[in-house]
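[1] Dropping a prediction and its sequence here:
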Amino acid sequence: MKLIRFALAVLSVMTFSLSASAQQDKEIDFLARAEEEADRLQRILDLEDWQVFYVDSTLKHDYPAMMADYEKLHASKVSNTALYIAVQDKWMEQIDATYKRIFNPQQWQLYLKSGAGKAQKAREKRKAKAEGR
């Protein structure tokens, strides 16, 4: 759920121009959010230290990469929110694919039950709608 709230917050931020100092603050915020999410997953999934390291590393790479894609759209003056959502979906699918490799089967099932399963279904539904199925 935090990831969904985070993504919605990111979409709302894209409507404003960011100064260089504000961007730097946002990057620090993304790193803090990545650490918080890794800690949260450690608590609910009982992750081992090496798993937490990989989750943290994944998020610290993918969140800024997602924001870079958002910035490219914003710089191109794209106002279609569906494109921003497509970028978010692409990166969230990437994160989930990485998590599936990191987590054991029991942890993966707990992760899906913690809200990720609904998010995956929503992404699949949006993808099918975009493809006209």
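    Perfect, thanks for sending it.

[2] When you work out contacts or count neighbours from here on, use the C-alpha atoms and nothing else.
    OK.

[3] On the three-state scheme, residue 54 is what?
    Using DSSP: H, G, I helix; E, B strand; the rest coil, the three-state assignment for residue 54 comes out as helix.

[4] per-residue confidence for it?
    For residue 54, the model assigns a pLDDT of 97.

[5] cool, residue 81 as well?
    On the pLDDT scale, residue 81 is placed at 88.

[6] what does residue 28 give?
    In this prediction, residue 28 carries a pLDDT score of 67.

[7] how about residue 91, what does it touch?
    When contacts are counted by CA atoms under 8 Å, 6 or more residues apart in numbering, residue 91 touches 62, 66.

[8] Quick check, central residue of the protein?
    The chain has residue 92 as the residue nearest its centroid, 4.6 Å off, counting by CA atoms, centre = their mean.

[9] which residues in this protein form helices?
    2-13, 20-45, 49-75, 81-102, 105-111, 117-130 (DSSP state H).

[10] returning to what we had before: can you give me the distance of the residue nearest to the centre of the chain to residue 48?
    In this structure, residue 92 and residue 48 are 22 Å apart, going by CA to CA, to the nearest Å.

[11] Count the neighbours of residue 129 for me.
    10 (other CA atoms under 10 Å).

[12] now swap in residue 32 and tell me
    Neighbourhood size, residue 32 [other CA under 10 Å]: 13.

[13] Surely residue 54 and residue 102 touch.
    Yes - the criterion here is CA atoms under 8 Å, and residue 54 meets it with residue 102 at 7.3 Å.

[14] got any residues that touch both of the two?
    Residues touching both residue 54 and residue 102 do not exist when contact is defined as CA under 8 Å, 6+ apart.

[15] If you average pLDDT over each of the helices of the chain, which is lowest?
    Of all the helices of the chain, mean pLDDT reaches its minimum on helix 2-13 (a mean of 50).
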